[in-house]
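Asker: Compute the structure for the input listed below.
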Amino acid sequence: MRDFAVTVLALAALGAAAGAVWSLLAPRPPYAVTGQGRVLADPTTQALIAADGWFAVVTGVLGLACGVAGYALSRRRRPVAVVLGLAAGGLLGSHLALAAGRALNLGAADVAGSGPAGVQLVPGPLNLTAHGVLYIWPTLAAGLFFALEAVAGYRDSPLRRPFGGEEPYGPLPGYGPLDR
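Answerer: As a prediction, this is how the structure comes out:
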């Protein structure tokens, strides 16, 4: 239980840092200030999609790094607790990254250009439109852990060298040193 809790808490702490990095990298969409409040100035803006892409990149890199670190640190002691911690902690970390990125709004905002003349443009809030990117971190972390475990398991497996590394029926006729 300790390995699970430590893994989840470590990934949750990384989630807040990931939110700050995402907030620095992702563009904000331009909003127009009108009598009814703020409205999206350019419905065809690519800033909404770019924010999702940057979130996927930041959490994807963290997912791969956490998968490698989790595998290296578990060293076959309690791999089930660690991989479950990677999945749960990655999901919690993604949600914390989303909350931190929304709250911080650190990056530069470029709102030039795409609004009607005479309308004040302001940078909009950072948000996700494709909520499926929240699952990138836990999927990559647990998936890479499983892949590394499979490679190590195959490398250590006796099935890799059937028959003790020798031919099952002895040397084949015509292929031995005396048959040349």
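Asker: check contacts around the residue nearest to residue 78 when sequence neighbours are not counted.
Answerer: Spatial nearest neighbour of residue 78, chain neighbours left out: residue 3 (4.7 Å); criterion: C-beta to C-beta, 6 or more residues apart in numbering. From N, CA and C alone the C-beta is placed, and that goes for glycine too. Residues near residue 3 by C-beta atoms under 8 Å, 6 or more residues apart in numbering: 74, 77, 78, 81, 82, 85.
Asker: so where's the chain shaky on pLDDT?
Answerer: Scanning the chain for pLDDT under 70 picks out 76, 108-118, 160-180.
Asker: The one helix or strand residue 50 maps to: how far from the chain's middle?
Answerer: Here residue 50, judged by DSSP states H and E, is contained in helix 47-74. The chain centre lies 3 Å from the centre of helix 47-74; the measure is C-alpha atoms, centre = their mean, to the nearest Å.
Asker: how far off helix 47-74 does the next helix or strand after it point, in degrees?
Answerer: Using DSSP H and E, the helix or strand that follows helix 47-74 in sequence is helix 79-104. For helix 79-104 against helix 47-74, the angle by axes from the mean of the first three to the mean of the last three C-alpha atoms, to 10 degrees is 150 degrees.
Asker: so which of the contacts of residue 3 would you say is closest to residue 23?
Answerer: Ranked by distance to residue 23 (C-beta to C-beta), these are led by residue 85 at 25.8 Å.
Asker: The closest one contacts residue 12, correct?
Answerer: No. In this structure residue 85 lies outside contact range of residue 12 using C-beta atoms under 8 Å: 10.4 Å.
Asker: Neighbour count for these two, which is higher?
Answerer: The neighbour comparison of residue 85 against residue 12 (other C-beta atoms under 10 Å) goes to residue 85, with 26 against 18.
Asker: Can you report phi and psi for residue 33?
Answerer: Per-residue torsions, residue 33: phi -90, psi 120 (degrees, to the nearest 10).
Asker: Report how many residues lie close to the residue lying closest to it once chain neighbours are set aside.
Answerer: Nearest in space to residue 33, with sequence neighbours left out and distances taken as C-beta to C-beta, 6+ apart, is residue 120 at 4.6 Å. Residue 120 has 12 neighbours, counted by other C-beta under 10 Å.
Asker: Thank you, goodbye.
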